[in-house]
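[1] no letters, just coordinates:
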Ligand code: 5GP
Ligand code: MN
């Protein structure tokens with residue numbers, strides 16, 4: 001487990017193919033607060049490769065947001081928070097562990113992080129975040145690729161192309177659109193659109209996936225978005241930084257869940273002239289922060305340096321253990337001397 005080698009798809013895929021045997025018992029994990037790429041790439045891998053192995057079980061660390069629950073296979077996923085003993089048993093039984101869409105062991109949450117040393121089989125990491133630090137046997141890691149779903153598509157396309165159909169396509173397409181802002185981020189490349197072209201040829205009804213993902217607002221979600229935009233947004237640094245901060249009490253007042261505030265940071269970023277946006281949310285035991293930037297500013301470095309976090313240049317997250325207001329003050333203080341161009 002210490003011969004980790006950093007690989008892109010052409011080198012890694014043949015090794016993944018060799019590792020997966022008809023008798024393999026495969027376990028798949030993804031990151032905390034799983035998003036569309038985490039769930040989409042997990043279930044895409046499940047539908048794409050489960051007939052090549054004896055068994056495949058996907059695990060998520062905690063509950064997924066409602067707008068992802070329509071996906072085929074969703075109910076077969078184990079939730080580590082809710083069934084820790086089942087997940088522990090899986091770590092004993094599985095002989096292949098596929099880590100999807102995260103680059104550091106702690107991103108899968110305490111339960112999975114603490115079980116990791118018990119696993120004795122072959123560990124495969126497929127991810128697109130910078131600086132992977134998870135010990136493994138096969139590391140398919142490329143931070144130039146827009147989504148883990150794109151990498152999983154390449155894997156299934158090479159190993160089991162017949163399964164690029166129906167649910168496999170819907171799940172992987174979900175990962176593609178949710179991690180690329182529906183194909184608008186700079187991480188989208190010609191291959192991303194090539195894959196979509198192949199998917200549509202193979203029968204994907206792309207508009208149905210968009211409806212299932214994006215036309216799912218609840219009244220409470222729209223109301224808390226409205227409240228945040230009209231009452232909670234602050235713009236500073238000559239209009240270059242926008243910040244929204246919200247307390248647990250406010251989230252509760254709207255009868256909203258934490259998923260309801262997802263994407264708010266992008267509204268803040270969409271203001272003309274804003275280069276960096278932050279969304280600060282009080283959670284049970286910490287304050288969770290999302291950062292986004294438009295052109296120049298590497299929010300992952302900022303989040304890593306000051307808020308125990310990381311991510312991508314233009315989309316990062318972190319957390320703090322001081323209070324909500326203190327966190328907001330700290331962000332403002334840290335941004336004060338920075339030139340956002
Ligand atoms: P979000 O703002 O949507 O929660 O996160 C945006 C991106 O930042 C994620 O895709 C993930 O890569 C990264 N990220 C979010 N929270 C954390 C964190 O606590 N630690 C690290 N290392 N990365 C994070
Ligand atoms: Mn991703």
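    Yes, it's here. If you're wondering where the values come from, they're calculated on a predicted model, not measured in any experiment. Ligands and ions are numbered 1, 2, ... in the order given.

[2] where does the closest residue to ligand 2 within the chain fall, helix, sheet strand or coil?
    The nearest approach of the chain to ligand 2 comes at residue 37, 3.4 Å away (CB to the ion). Bear in mind the C-beta positions are built from the backbone N, C-alpha and C, glycine included. Of the three states, residue 37 takes helix under DSSP: H, G, I helix; E, B strand; the rest coil.

[3] low-confidence ranges, the stretch 1-150 of the chain, go.
    Within the stretch 1-150 of the chain, the stretches with pLDDT under 70 are 1-6.

[4] can you classify the residue in it positioned nearest to ligand 1 as helix, strand or coil?
    Residue of the stretch 1-150 of the chain nearest ligand 1, by CB to the nearest ligand atom: residue 129 (5.3 Å). Counting by three-state DSSP, the backbone at residue 129 sits in coil.

[5] contact partners for it?
    Neighbouring residues of residue 129 by CB atoms under 8 Å, 6 or more residues apart in numbering: 101, 102, 103, 141, 143, 310, 311, 312.

[6] could you pick out which of those residues are near ligand 1?
    310, 311, 312 (CB under 6 Å from any ligand atom).

[7] show me where the stretch 1-150 of the chain has its helices.
    9-19, 36-49, 84-93, 109-115, 148-159 (DSSP state H, counting those that start in this stretch).

[8] would you mark the buried spots in the shortest one?
    Just to be clear, that refers to helix 109-115. Going by neighbour count (16 or more other CB atoms under 10 Å), the buried part of helix 109-115 is 109, 111, 112, 115.

[9] who in the protein is up against ligand 2?
    Remark: the part of the chain in contact with ligand 2 comprises 37, 101, 148, 179, using CB under 5 Å from the ion.

[10] by neighbours, which of those residues wins?
    Neighbour counts for those, by other CB atoms under 10 Å, peak at residue 148, which reaches 32 neighbours.

[11] my guess is the residue of the chain closest to ligand 2 meets residue 145, correct?
    No: if you go by CB atoms under 8 Å, residue 37 and residue 145 don't touch, sitting 10.9 Å apart.

[12] ok, and the closest non-adjacent residue to residue 286?
    Closest residue to residue 286 apart from its sequence neighbours, by CB to CB, 6 or more residues apart in numbering: residue 319 at 4.6 Å.

[13] and whichever strand or helix holds the one you found, how far from the chain's centre?
    Assigned by DSSP states H and E, residue 319 belongs to strand 315-320. Between the centre of strand 315-320 and the centre of its chain there are 13 Å (CA atoms, centre = their mean, to the nearest Å).

[14] ok, and what's touching it?
    283, 286-292, 299-300, 302-304, 306-311, 326-327, 330.
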